[in-house]
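Colleague: Have a look at this prediction, sequence included:
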Amino acid sequence: MDQFSPHNDLEEKLLAVHSGKLESAAFMNELLLAQLFMPVQDDGSNIQGFQKSNKARPLTIADEDGVEVLILFTSPERAKEFLQHYPDYQGGLLTEFSWVLDRVGSNIGIAINPAHDVGIDFEPAMVEQLIHMNAARTTTSPGQ
């Protein structure tokens, strides 16, 4: 595993949760507002890094129980080593976690920073709870 040195505010908070300096509930509220990197597969283009279609597919893998897991990272730099094993997913997009939750289907897990010491995995039931938290947050927040 790697030596984790935070690259951004979200990574500092994730490290604080892992070290017990920040409560999980406070981190979850921050996570809903955070921007994450989502690796995507596209049809490709002659211009490197240019998305050719509007049908980019996010990276999902099946866990040991066969549950589909969406792969996300706290920064593009965190994805580089992991994505060496998935050569079709060399691009991606930065997006708010709340946007992901608005679009993720049911019965899917989420892994943030897989293969890193400092990451977090959400089982499908927890993803459902996060979806409800996000929906409640957006319906009670003015201007969103």
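Modeller: Happy to help now that I have it. Numbering: from 1, shown residues only.

Colleague: Show the contacting residues for the spatially most central residue of the chain.
Modeller: Note on the chain: the residue nearest the mean C-alpha position is Leu72, at 2.8 Å, using CA atoms, centre = their mean. Leu72 makes contacts with 36-38, 97, 100, 110-113, as judged by CB atoms under 8 Å, 6 or more residues apart in numbering. Yep, even glycine has a C-beta here, placed from its N, CA and C like the rest.

Colleague: ok, now Leu70?
Modeller: Leu70 neighbours (CB under 8 Å, 6+ apart): 38, 58-60, 100, 104, 108-111.

Colleague: Name the residues that touch whichever helix or strand Val40 is part of?
Modeller: Assessed by DSSP states H and E, Val40 sits inside strand 35-41. With contacts defined as CB under 8 Å, 6+ apart, strand 35-41 is touched by 10, 51, 56-59, 70-76, 78-79, 83, 86, 88-97, 100, 112.

Colleague: What subset of these is buried?
Modeller: 10, 56, 58-59, 70-76, 78-79, 83, 89-92, 97, 100, 112 (16 or more other CB atoms under 10 Å).

Colleague: Now intersect the contacts of Leu70 with the strands, please.
Modeller: Here DSSP state E is the test, and the contacts of Leu70 give 38, 58, 60, 108-111 as lying in strands.

Colleague: Would you mind giving the residues you listed as TSV with distance to Ile120 and pLDDT added?
Modeller: Below are the ones in strands among the contacts of Leu70 laid out as TSV (distance: CB to CB, whole Å; pLDDT from 0 to 100):
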residue	distance to Ile120	pLDDT
Met38	15	97
Pro58	17	94
Thr60	17	96
Ile108	15	96
Gly109	11	97
Ile110	8	98
Ala111	8	97
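
Colleague: Now render the contacts of Leu70 as TSV, adding distance to Gln3.
Modeller: Formatted as TSV, those follow (distance: CB to CB, whole Å):
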residue	distance to Gln3
Met38	25
Pro58	28
Leu59	24
Thr60	28
Val100	28
Val104	31
Ile108	31
Gly109	26
Ile110	24
Ala111	20
